[in-house]
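K.L.:
got a structure for you, letters missing:
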DNA sequence: TATGAATGAGCTTTCATTCAT
DNA sequence: CATGAATGAAAGCTCATTCAT
């Protein structure tokens, strides 16, 4: 029945992010979120069926937009290496531009219960698909090593971005996350090894 | 801060892992863990100050042992590439050999509250130091690209291992995680790019 | 205390009966009744001060009409035995003719809170008076045993009708309640005992 | 898991009756019952799974005992008329001896929700069976009119007892309910009609 | 040492009612 | 006359922790 949209819908989502970022996931009561949003507690239930739905929506709305934008922007690029670089850029940019959202995403929402996590997983899957598409293209065009297992490559890409973002959040955002775009790109493309590793003598 | 050690101490930790793996973090009540361990609920408080201490100890004990063993074994190796390969192997092996522990580590304990997470972080830091040591050695000996930022490399290594392990757990352990040791090694060393990327024309 | 009358007034009462019969007393929200009546929730408060007033009115309007009709019809009858028979008939007929109302009356509205119940009691009292009048007449004319306590007789009459009606509703209305008019009459008049009990040797 | 017995179990049931009788069903919060019982609110949940279970247990324990006693005592009697008389007596006695319980039984618990009511119904059914047994015996031995529908007779008996008891409670217990045993017996046996109605000319 | 019965703080959610439009 | 979005009070239940035995 509920699930209405409108200005308040956005206010509540923003309030949820602010409260979670400030007090942590476990102290983010509905009443506190309502107060932050400037509405009564009951009003939240005109927009979200349950608290869990609100928290999942935090992800869906924000991350969903980011993913959609990524998807569109990626289509405008041809070179899979450019696509990869853009992927890194947009991942870091989304978090660097909104530290509260970054905290919620990288730290707080990972503490949530199974229902919320599975809501988040659904969105993550579509993100993984985007990464997979880029990897596959790169392998087909010969820019990426075709012998590599795509799933493993995806895990490396996402794992690296995610871990780097988490480390940045935990550092308190002391440095500019966007400064890591190019280094990350080079690292992902070239690996740790020195020089002509490919075709060389691996140990 | 354990109040006491002894046989029951280990029983309780094992029981905690079993219960969390079976019922999930949010349903792992102290009473259930006590029952699994064959003691009364109150007894747990003779060994652990708080439930949180028990959960942190799950990590400290198990992961601590793994880290200690890694550290010792790594000292026996000279080549940083061999060290890296061993790092991957021991990370995967610890999880592949104990699926319950893997579930608890990769999924359930991430839902925990700030206190537990910070307890876990402390242990993770010593793990990160080990990774850093290997990376630094590799750069000093010229086996790893010296221009790479160590922290970023560490994030890639840990992020890749962690994400790969999580994906494996979420798959239900359908394949052998250890089969990913060599591919992971090659991927980390060589990156995604094809052929003589290093010194070539990055895009 | 209705604030206003009119077509919508009746619509709302009918809607209340329908919703209570369909969803039960505890799920009969004002909003649901409003929807059923085809008005906005707030509109109900133009016709009734409180939800409780609406529910009491369900009784007052419907049962009041029944009682009024009973009263008038009874005046046309002379023989107190005929009056008693008609009382039984009209009680059963009112419920048999409107199963939704029967459910609301016999089952759902008994779950209501004190205010509603006392509103209902007020109406019941006038019904009890009608019964009392019939009993008194019967005793005065010598058709009914004069030594019987009138209040007790009334309790038997109403208790029997009410319990029989409730049993019928709970049976799902599987049989025709009106088929019970004559048996009920004979039972109330003659009692359970066999043969010439009156003046005989009671045990 | 819960559902323990013991001294506190009885205390809580007694407290529930007292609180419901004093404040009414709708104001009988768990916390209030706990206070009355001299235990913490949480303790109630060691003895009852849910509040509803407690309320049903109020009935089961008290009314169940009454029914059991009735059953046993009835077996010691031979004459169905004596059995009927005893039925009336024990019904009235159970309520007259415990006014708080009478209020809860006759008034407050009728306001409860479907779950509780169905719990109560289950117990009532066994009471109805006892009545049915007595009626059937009376008809078989020729003491009760055999042509009467048993279900209808049961409805009259229970309806009369119940309504009489309710009227007594609503009167505030101003008179002695047990004084109604004999009048009720005579009324049920002989009916309202005067003299040799049976076989006479019913109108 | 060990027990486990008892504690009690803490929070989501519903829904009758209001009132600005 | 009518609307329906917004309000906010109110209470059942869980479970980590304690402590008398």
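P.N.:
Arrived safely, thanks for sending. Because the structure is a prediction, the values reported are computed rather than measured.
K.L.:
what's the burial count for residue A:138?
P.N.:
By other Cβ atoms under 10 Å in any protein chain shown, 25 other residues sit near residue A:138. C-beta: built from backbone N, CA, C; applies to glycine.
K.L.:
roughly how far apart are it and residue B:182?
P.N.:
Plainly put, residue A:138 is 21 Å away from residue B:182 if you go by Cβ to Cβ, to the nearest Å.
K.L.:
who does the longest helix along chain A touch, helix- and strand-wise?
P.N.:
Ranked by residue count and defined by DSSP state H, the top helix of chain A is helix A:114-140. Contact analysis of helix A:114-140 by 3 or more Cβ pairs under 8 Å, 6 or more residues apart in numbering or on different chains; DSSP states H and E lists helix A:51-75, helix A:80-96, helix A:150-170 as its packing neighbours.
K.L.:
is it anywhere near DNA strand E?
P.N.:
No: on the criterion Cβ under 7 Å from any atom of the strand, helix A:114-140 is out of touch with DNA strand E, staying 9.9 Å away.
K.L.:
that helix: how far from the chain's middle?
P.N.:
With Cα atoms, centre = their mean, to the nearest Å as the basis, helix A:114-140 stands 10 Å off its chain's centre.
K.L.:
buried stuff in it?
P.N.:
By neighbour count on 16 or more other Cβ atoms under 10 Å in any protein chain shown, the buried set for helix A:114-140 is A:114, A:116-117, A:119-120, A:123-124, A:127-128, A:130-131, A:134-139.
K.L.:
quick one: contacts for the nearest residue to residue A:184 once chain neighbours are set aside?
P.N.:
Once flanking residues are discounted, residue A:184 sits nearest to residue A:88: 5.1 Å by Cβ to Cβ, 6 or more residues apart in numbering or on different chains. Shown in contact with residue A:88 (Cβ atoms under 8 Å, 6 or more residues apart in numbering or on different chains): A:161, A:181, A:184, A:185, A:188.
K.L.:
which members of the residues you listed are classed as buried?
P.N.:
Looks like the contacts of residue A:88 have A:161, A:181, A:184, A:185, A:188 buried, using 16+ other Cβ under 10 Å.
K.L.:
didn't the fourth one look like it was pressed against residue A:84?
P.N.:
I take that to be residue A:185. Yes: counting by Cβ atoms under 8 Å, residue A:185 touches residue A:84, with 6.6 Å between them.
K.L.:
the closest residue to DNA strand F within chain A: neighbour count?
P.N.:
Relative to DNA strand F, the nearest point of chain A is residue A:42 (1.7 Å; Cβ to the nearest atom of the strand). Residue A:42 has 9 neighbours, counted by other Cβ under 10 Å.
K.L.:
helix or strand: which one has it?
P.N.:
Under the criterion of DSSP states H and E, residue A:42 resides in helix A:41-47.
K.L.:
what's next to that helix, contact-wise?
P.N.:
A:2-6, A:8-9, A:12, A:30-31, A:33-34, A:37, A:51, A:54.
K.L.:
what's the average pLDDT for it?
P.N.:
Summarised as a single mean, pLDDT over helix A:41-47 is 94.
K.L.:
show me which positions of that helix end up buried.
P.N.:
In terms of neighbour count (16+ other Cβ under 10 Å), helix A:41-47 has its buried residues at A:44, A:45, A:46, A:47.
K.L.:
chain D versus the first one, what's the distance?
P.N.:
Applying Cβ to the nearest Cβ, to the nearest Å, one obtains 25 Å for the distance of residue A:44 from chain D.
K.L.:
the last one now?
P.N.:
As for residue A:47, its distance to chain D is 29 Å (criterion: Cβ to the nearest Cβ).
K.L.:
where's that residue relative to chain C, distance?
P.N.:
From residue A:47 over to chain C (counting by Cβ to the nearest Cβ), the distance is 17 Å.
K.L.:
quick one on the thing from earlier: which pair of the contacts of helix A:41-47 spans the longest distance?
P.N.:
A:5 and A:31 (22.7 Å; Cβ to Cβ).
K.L.:
between the two, which one's more packed in?
P.N.:
More crowded of residue A:5 and residue A:31, by other Cβ under 10 Å: residue A:31, with 11 against 8.
K.L.:
look up the closest residue to residue A:150, ignoring the ones flanking it.
P.N.:
Using Cβ to Cβ, 6+ apart, the nearest residue to residue A:150 is residue A:135, at 5.3 Å.
K.L.:
follow-up on the earlier one: from the contacts of helix A:41-47, list the buried ones, please.
P.N.:
Once neighbours are counted (16+ other Cβ under 10 Å), the buried part of those comes down to A:8, A:9, A:12, A:30, A:33, A:34, A:37, A:51, A:54.
K.L.:
which members of those additionally contact DNA strand E?
P.N.:
Contacts with DNA strand E within those, as defined by Cβ under 7 Å from any atom of the strand: A:30, A:51.
K.L.:
residue contacts, residue A:136?
P.N.:
residue A:150.
K.L.:
measure it to DNA strand E for me?
P.N.:
Using Cβ to the nearest atom of the strand, to the nearest Å, we find residue A:136 at a distance of 41 Å from DNA strand E.
K.L.:
distance of that residue from residue B:16?
P.N.:
42 Å.
K.L.:
just to revisit the earlier point, now the contacts of residue A:88 in TSV, with secondary structure, pLDDT and distance to residue A:61?
P.N.:
Shown next, in TSV, are these (DSSP: H, G, I helix; E, B strand; the rest coil; pLDDT from 0 to 100; distance: Cβ to Cβ, whole Å):
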residue	secondary structure	pLDDT	distance to residue A:61
A:161	helix	98	21
A:181	helix	98	25
A:184	helix	98	26
A:185	helix	97	28
A:188	helix	97	29
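K.L.:
which of the residues you listed sits closest to residue C:102?
P.N.:
Proximity of the contacts of residue A:88 to residue C:102, judged by Cβ to Cβ, is greatest for residue A:161, which lies at 66.8 Å.
K.L.:
residue A:146 looks like it's in a helix, true?
P.N.:
No: applying DSSP: H, G, I helix; E, B strand; the rest coil, one finds residue A:146 to be coil, outside a helix.
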